[in-house]
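In: what's the 3D shape of this:
(one chain, ligands or ions: 1)
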Amino acid sequence: MTLQVKALGRRFGEKQVLQQVDFSVGKGEIVSLLGTSGCGKSTVLRALAGLDSDYEGKISIPSDQRVGFIFQEPRLLPWKTVLANATFGLKGDRKENEEKARRYLELVGLKEAEKLYPRELSGGMAQRAAIARALVTEPDILLLDEPFSALDAFTKMQLQELLLKIWETFGTTIILVTHDIDEALYLSDRVLLLQGRPSTLAKDLKIALTRPRSRGSAALGKWKEDILDLLEGKEQTYDYSLVTEIGQKA
Ligand SMILES: Nc1ncnc2c1ncn2[C@@H]1O[C@H](COP(=O)(O)OP(=O)(O)OP(=O)(O)O)[C@@H](O)[C@H]1O
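Out: Numbering: from 1, shown residues only. Below you'll find the model as predicted:
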């Protein structure tokens, strides 16, 4: 087990946002956190990333696991080039760091863009640069907070494919916050559904579909409908236990 969350709770003043959230993530799994706006997805991710320590409960990540974080917006330093952004904060030999960064820039498709400044990049290129910057630290666990939600549909698809390529290449454990059900179903081994006020983990859905997946498949469409119903709190015609295997119906 790479990461374990036990009885995670978080309150902001009077407001309890998360309560008793329990889950674990195995090495090399892709897990999405899905839920309606404001349910606390980012709050979970920030706690996992160590960006917030005022939570209740316990988060265990083995000390040898390096964690990388990718935000919704690229957060590049405007006065630095793509290459300098990718190496920013790295210790050690500058030339070596740059060589390493170049390899990751090539992987994300920005080989030709290393001398450009953030203002010269499209939204997709900027997010690719942010991904390269995270990869340079060679993370075992990659945490992503709605990383593609500001992008157009086509660019979003391209970056989803890039994320799968990174996962295939490095076996990275990936935890992704999204409110895009298609994205969660297309990418994930498991979809964790946060629900309620305060939020708890309502469902742990195992997406037992092989990859590459077909975005337009009837199986994914059916499960999207079901997840929408779950999020809307509609009466279900079928019985979901907390752990449900998606794909048996496919
Ligand atoms: N620093 C903070 N101070 C006070 N309230 C906060 C803080 N951070 C988050 N919250 C509250 O916690 C709740 C959950 O926020 P969070 O950003 O985790 O939700 P989310 O599910 O990621 O939402 P979205 O999908 O809209 O990004 C919200 O009601 C938010 O207002």
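In: which phi and psi does residue 67 have?
Out: Backbone geometry at residue 67, expressed as degrees, to the nearest 10, gives phi -110, psi 130.
In: for it, what are its contacts?
Out: 48-50, 61, 139-143 (Cβ atoms under 8 Å, 6 or more residues apart in numbering). Bear in mind the C-beta positions are built from the backbone N, C-alpha and C, glycine included.
In: Wait, residue 158 touches residue 123, no?
Out: No: judged on Cβ atoms under 8 Å, residue 158 makes no contact with residue 123 at a distance of 11.6 Å.
In: ranges for the strands of this structure?
Out: Using DSSP state E, the strands found in the chain span residues 3-12, 15-25, 30-34, 56-60, 67-70, 141-145, 173-178, 190-195, 200-207, 243-246.
In: Need those in TSV (columns: mean pLDDT and distance to residue 231).
Out: Listed next are the strands of the chain as TSV, based on pLDDT from 0 to 100; distance: least, Cβ to Cβ, whole Å:
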stretch	mean pLDDT	distance to residue 231
strand 3-12	97	20
strand 15-25	96	17
strand 30-34	97	8
strand 56-60	97	24
strand 67-70	96	24
strand 141-145	97	19
strand 173-178	97	13
strand 190-195	94	7
strand 200-207	92	9
strand 243-246	60	15
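In: Make TSV out of those and add distance to the ligand.
Out: TSV is the format used below for those (distance: least, Cβ to the nearest ligand atom, whole Å):
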stretch	distance to the ligand
strand 3-12	3
strand 15-25	4
strand 30-34	8
strand 56-60	14
strand 67-70	14
strand 141-145	7
strand 173-178	6
strand 190-195	7
strand 200-207	13
strand 243-246	21
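In: tilt between the longest helix along the chain and strand 141-145?
Out: Longest helix in the chain, counting residues (DSSP state H): helix 153-170. Between the axes of helix 153-170 and strand 141-145, defined by axes from the mean of the first three to the mean of the last three Cα atoms, to 10 degrees, the angle is 170 degrees.
In: What is helix 153-170 packed up against?
Out: Judged by 3 or more Cβ pairs under 8 Å, 6 or more residues apart in numbering; DSSP states H and E, the packing partners of helix 153-170 are helix 94-107, helix 123-136, strand 173-178, helix 181-187.
In: can you do 10 Å?
Out: Packing partners of helix 153-170 (3 or more Cβ pairs under 10 Å, 6 or more residues apart in numbering; DSSP states H and E): strand 30-34, helix 94-107, helix 123-136, strand 141-145, strand 173-178, helix 181-187.
In: Count the residues that sit near the closest residue to residue 111 other than its chain neighbours.
Out: Spatial nearest neighbour of residue 111, chain neighbours left out: residue 105 (5.8 Å); criterion: Cβ to Cβ, 6 or more residues apart in numbering. When counting by other Cβ atoms under 10 Å, one arrives at 26 neighbours for residue 105.
In: what residues does the protein put near the ligand?
Out: Neighbours of the ligand within the chain, by Cβ under 6 Å from any ligand atom: 12, 17, 35, 37-43, 179.
In: Tell me the buried residues within the residues you listed.
Out: 17, 35, 39-43, 179 (16 or more other Cβ atoms under 10 Å).
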